[in-house]
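*Asks:* structural data only, the sequence is not supplied:
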């Protein structure tokens, strides 16, 4: 959601990209293993959501320096390949953070992350695929 000039919240429409800019994303090893175990796994439709929601600055070849440790050839990838890279990256991150389970809800007890929520003053829980607080 974004605000228009009057301050009203409006639904932001996903960007439309030519088909050649959207590439299929292979499943990560954890997604394959979960599928083999008949456990909930990554929904391939999420790749499309990620690819369509990526800001232009993540697709820029100027990101090469930051992305090089993860993808040494990033600068040479087409925009479609860069979109696929980021979708795969977020799929892998969700596998590491939440085991690809979108309803994951964790309360960590380590002192550095066991802090009260600044709004509710309740203990913080990390939730969802990316374990956001």
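*Replies:* Yep, that arrived. Not measured: the values here are computed from a predicted model.
*Asks:* please identify the buried residues of the host helix or strand of residue 97?
*Replies:* Assigning secondary structure by DSSP states H and E places residue 97 in helix 79-98. By neighbour count, and taking 16 or more other CB atoms under 10 Å as the criterion, the buried residues in helix 79-98 are 79-80, 82-92, 94-95, 97-98. In this view, the C-beta of every residue, glycine as well, is placed from N, C-alpha and C.
*Asks:* show me where the protein has helices.
*Replies:* Secondary structure of the chain (DSSP state H): helices at 29-36, 45-53, 56-59, 64-67, 79-98.
*Asks:* any idea of the mean pLDDT in the longest one?
*Replies:* Rounded to a whole number, the mean pLDDT of helix 79-98 is 82.
*Asks:* which other helices and strands contact the helix holding residue 97?
*Replies:* With contacts defined as 3 or more CB pairs under 8 Å, 6 or more residues apart in numbering; DSSP states H and E, the secondary structure elements packing on helix 79-98 are helix 29-36, helix 45-53, helix 56-59.
*Asks:* which one, of these, ends up nearest to residue 109?
*Replies:* Within the helices and strands packed on helix 79-98, the stretch nearest residue 109 is helix 29-36; the backing value is 24.5 Å (CB to CB).
*Asks:* that closest one vs helix 79-98, what angle?
*Replies:* Following axes from the mean of the first three to the mean of the last three CA atoms, to 10 degrees, one obtains 70 degrees for the angle between helix 29-36 and helix 79-98.
*Asks:* and helix 29-36, what does it pack onto?
*Replies:* Packed against helix 29-36 by the contact rule (3+ CB pairs under 8 Å, 6+ apart) you find helix 79-98.
*Asks:* relative to helix 45-53, how tilted is the helix it packs on?
*Replies:* Using the same axes, to 10 degrees, the direction of helix 79-98 lies 130 degrees away from that of helix 45-53.
*Asks:* next, count neighbours for residue 35.
*Replies:* Neighbours of residue 35 under the rule other CB atoms under 10 Å: 14.
*Asks:* apart from its chain neighbours, what residue comes closest to it?
*Replies:* With CB to CB, 6 or more residues apart in numbering as the measure, residue 41 is the residue that lies nearest to residue 35, at 5.0 Å, once sequence neighbours are left out.
*Asks:* that'll do, ta.
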